[in-house]
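Enquirer: Curious how this folds, go ahead:
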Amino acid sequence: MEPILKSQFAKRIHVSPGRVSQLIAQGMPVLPDGRIDVPSALNWIESHIDQSHKDAVARRQSALGEQPAPIPDAPAAATPTAAPMTTGALPDPGRVLLTAKARRAIVELRRAERAERKENGELVEVVEVQRAVENLIANAKSKLLGLGHRLAPRVAIESNVAVCKRLIDDAVDEALTDLIGYEAA
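Expert: Residues are numbered from 1 along each chain as shown. Take a look at the predicted model:
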């Protein structure tokens with residue numbers, strides 16, 4: 001996927017362009033020309049989601065006199081709704097929302113990549129492959145089963161083994177040549 005502008009990235013993950021600038025200031029990778037490589041930026045967001053939200057949770061807890069629990073740098077669970085929990089506190093809504101948006105953007109990116117690969121002929125449906133293989137096998141089977149019927153009268157009248165072998169070899173070669181040229185629908 002080609003790198004995109006900050007404003008395009010903001011639209012993709014459904015945040016403001018200012019929020020994208022904040023993420024860049026916090027360390028989200030950008031290219032030298034200022035464009036954003038979407039996969040690496042989404043991976044960064046997923047693993048470094050907004051340290052300021054973690055800090056804000058810790059400040060709120062200390063203001064309430066609670067002992068803040070350590071919050072991991074990366075999400076501990078791979079479930080879409082997973083967000084770090086602190087003792088006695090709810091997950092930070094901003095962090096949960098940004099994580100969900102990043103994950104949705106990753107899913108959309110992968111879906112678009114699959115569609116592009118399918119359009120370019122790099123991917124095909126399993127059912128299509130199965131159907132093509134079944135057709136190829138059925139065609140080969142009918143060609144090979146027809147050899148006996150076609151050759152029997154000519155081989156039956158031949159007494160020369162070399163001529164019988166040549167007739168059979170020619171018929172098999174013809175059948176294989178037909179199969180080489182076979183194109184599945």
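Enquirer: Where is the longest helix in this protein?
Expert: helix 126-156 (DSSP state H).
Enquirer: Most remote residue from the middle of the protein, which is it?
Expert: Using CA atoms, centre = their mean, the residue of the chain lying farthest from its centre is residue 159. It sits 62.1 Å away.
Enquirer: ok, and it, which helix or strand is that part of?
Expert: Assigned by DSSP states H and E, residue 159 belongs to neither a helix nor a strand.
Enquirer: what pLDDT does it get?
Expert: Looking at residue 159, its pLDDT is 88.
Enquirer: With residue 67 instead?
Expert: pLDDT recorded at residue 67 is 56.
Enquirer: Over to residue 164?
Expert: Per-residue pLDDT puts residue 164 at 90.
Enquirer: same thing with the one 4 residues further on?
Expert: On the pLDDT scale, residue 168 is placed at 90.
Enquirer: The host helix or strand of it - contacts with which helices or strands?
Expert: For residue 168, the host element (DSSP H and E) is helix 161-180. When contacts are defined as 3 or more CB pairs under 8 Å, 6 or more residues apart in numbering; DSSP states H and E, helix 161-180 sits against helix 126-156. No exception for glycine: its C-beta is placed from N, CA and C like everyone else's.
Enquirer: buried ones in the helix it packs on?
Expert: Buried residues in helix 126-156, counted by 16 or more other CB atoms under 10 Å: 143, 151.
Enquirer: starting at the chain centroid, how far to it?
Expert: Put simply, helix 126-156 sits 36 Å off its chain's centre (CA atoms, centre = their mean, to the nearest Å).
Enquirer: tell me the contacts of residue 179?
Expert: Counting by CB atoms under 8 Å, 6 or more residues apart in numbering, residue 179 touches 136, 139-140, 143.
Enquirer: want to throw those residues into a markdown table with distance to residue 11 and pLDDT?
Expert: Listed next are the contacts of residue 179 as a markdown table, based on distance: CB to CB, whole Å; pLDDT from 0 to 100:
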| residue | distance to residue 11 | pLDDT |
| --- | --- | --- |
| 136 | 46 | 85 |
| 139 | 51 | 86 |
| 140 | 53 | 85 |
| 143 | 57 | 85 |
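Enquirer: Just give me the closest of those residues to residue 163.
Expert: Nearest to residue 163, judged by CB to CB, of the contacts of residue 179 is residue 143 at 22.3 Å.
Enquirer: Isn't that closest one up against residue 178?
Expert: Yes: between residue 143 and residue 178 there is a contact at 6.2 Å, judged by CB atoms under 8 Å.
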